[in-house]
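Student: Provided below for reference: sequence and predicted model.
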Amino acid sequence: MATLQARLLLSSSISSSPFSSSSSTSSCARSLGVTFRAPRLKAACLSLPKYAHYKHRGVENPIEAYPSASNIPTDAEYSSTTATMVEELYAIAEIVADRAEMHANVGEQRNNWNNLLLISINAITLTAATMVGLAATVGAGTPLLAFKLSSTLLYTAATGMLLVINKIQPSQLAEEQRNASRLFRQLHEQIHTRLALRAPTSIDVKSTTEKVLALDKAYPLPLLGGMREKFPTTIDPAVWWPVQLRLQGEGVHGEIEKNGWSENLEQEMREIVGVLKRKDTAEYVRLSKLVSKTSRILSISGPLLTGIAAIVSTMVGSPLYGSWAVLIGVAAGAVASVVNTLEHGGQIGMVFEMYRNNAGFYRLMEESIESALSEKEVERRENGELFEMKVALQLGRIPSDLRDLASASSSCTKGDDHKSLGFAGKLF
């Protein structure tokens, strides 16, 4: 307002002066107009992003990071770098979205494999068992030979198909692809959230790329050469994240809160990690081993029964073993259909993969909490209150419930007390 009044007074004095002319007046007006607009242009060109960039790197004084004036990046250089990082993250987001769609389609396809193969093998097995029974009702000659040959061929085909389906476990493959699709969609949302909150850096691009590659390794698409072992000798939780580099920090001391963190919160998180290791992760690894043993027994029993039935069906009509051959051939076929239905209709492979992924979920939470606690600079951690809320919600709890669990865990001093303590997670 003062500037506008000064301009009006100056303009009136110039117009009232006898020595002024119209040309000089217009020249002064143009000069004053440029002077009046200059502060707005200057304010629009303030290089605030550079200081925010340094603050993000943990540098309080940009001059300390760049002691020489020639090393300080210009606005154009900084904008170009930021734009490049944004373009790279968007490119990765497009690839991640395509991966999620690809795994969803492949998972649906493999689930169809499981249903179709289950129905086909059961139909073949029951048909072969029926032919063995019919062979006993016909006399010797061509009809008996036809029934014997047909039942033997059908049992042999069922044995081969069972060996293949038990090797690849289509229900487990479908569960792997469903998990991969979900995790890729989750990564896609994380990328867009990061872009919405702040300008990305090269570290963001590198960590996102590592997550994509880790997911590709954990959930391979090909069946030949890249398929994971369905009956591993040692069963560990599923791992779909890159190895996190942990720093040995001292943490927060005293009751002074820094970035939402306090000594009590750190102790609470350590207790939660202990409960996750002792209870949740260990329980789902135990269940995975139990289901894997059950799946292995069923995978061996099905082809074994149909193989025995194929051999026995060739003896139908024999004077010595004819009656026993019919009995064993029909019974083995019926039991093989039941075993196949339990294994693939019950989707034992899917249950095994689900338990493995649940154990991996809790292992990831353990590593995330430990990684946050081991960060030296508390200011570089995620906000403590936000971190506590996320951990609580991931476990199906509320923050106050999480504190009660940590308090109960810290009061347990003996092994028996820890056994009576409940699980950390309430979702699974």
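Tutor: Received, thanks.

Student: assign a three-state SS to the residue nearest the centre of the chain, would you?
Tutor: In the chain, the C-alpha nearest the mean C-alpha coordinate belongs to Leu183, at 3.2 Å (Cα atoms, centre = their mean). Here Leu183 is recorded as helix under DSSP: H, G, I helix; E, B strand; the rest coil.

Student: now the one 5 residues further on
Tutor: Reduced to three states with three-state DSSP, the structure at His188 is helix.

Student: check contacts around it.
Tutor: 93, 96-97, 100 (Cβ atoms under 8 Å, 6 or more residues apart in numbering). C-beta here means a position set from N, CA and C on the backbone, and glycine is covered the same way.

Student: can you flag the buried ones in those residues?
Tutor: 93, 96, 100 (16 or more other Cβ atoms under 10 Å).

Student: can you list those in CSV and add pLDDT?
Tutor: Conversion of the buried ones among the contacts of His188 to CSV gives the following (pLDDT from 0 to 100):
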residue, pLDDT
Ala93, 95
Val96, 96
Ala100, 96
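
Student: let me have the residues you listed in TSV, adding secondary structure and distance to Phe147 as columns.
Tutor: Below are the buried ones among the contacts of His188 laid out as TSV (DSSP: H, G, I helix; E, B strand; the rest coil; distance: Cβ to Cβ, whole Å):
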residue	secondary structure	distance to Phe147
Ala93	helix	62
Val96	helix	57
Ala100	helix	51
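
Student: now render these as a markdown table, adding distance to Val243.
Tutor: Converted to a markdown table, the buried ones among the contacts of His188 look like this (distance: Cβ to Cβ, whole Å):
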| residue | distance to Val243 |
| --- | --- |
| Ala93 | 23 |
| Val96 | 20 |
| Ala100 | 23 |
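
Student: ok, so of the residues you listed, who is nearest Ala214?
Tutor: Nearest to Ala214 among those: Val96, at 12.3 Å, using Cβ to Cβ.

Student: quick one: low-confidence residue ranges for the stretch 101-250 of the chain.
Tutor: Within the stretch 101-250 of the chain, the ranges that satisfy pLDDT under 70 run 139, 244-250.

Student: which parts of it are strands?
Tutor: Taking DSSP state E, counting those that start in this stretch as the criterion, the stretch 101-250 of the chain carries no strands.

Student: in whichever strand or helix holds Thr306, what counts as buried?
Tutor: Element membership for Thr306 (DSSP states H and E) is helix 282-313. Under the neighbour-count criterion of 16+ other Cβ under 10 Å, helix 282-313 has 283-285, 287-288, 291-292, 294-295, 298-299, 301-303, 305-313 buried.

Student: which positions in the next helix or strand after that helix come out as buried?
Tutor: Note on helix 282-313: by DSSP H and E, the next helix or strand toward the C-terminus is helix 322-340. Under the neighbour-count criterion of 16+ other Cβ under 10 Å, helix 322-340 has 325-326, 328-333, 335-337, 339-340 buried.

Student: any idea which of the residues you listed is the one closest to Leu126?
Tutor: Ser337 (5.7 Å).

Student: so what's that closest one up against?
Tutor: Residues in contact with Ser337 (Cβ under 8 Å, 6+ apart) are 122, 125-126, 129.
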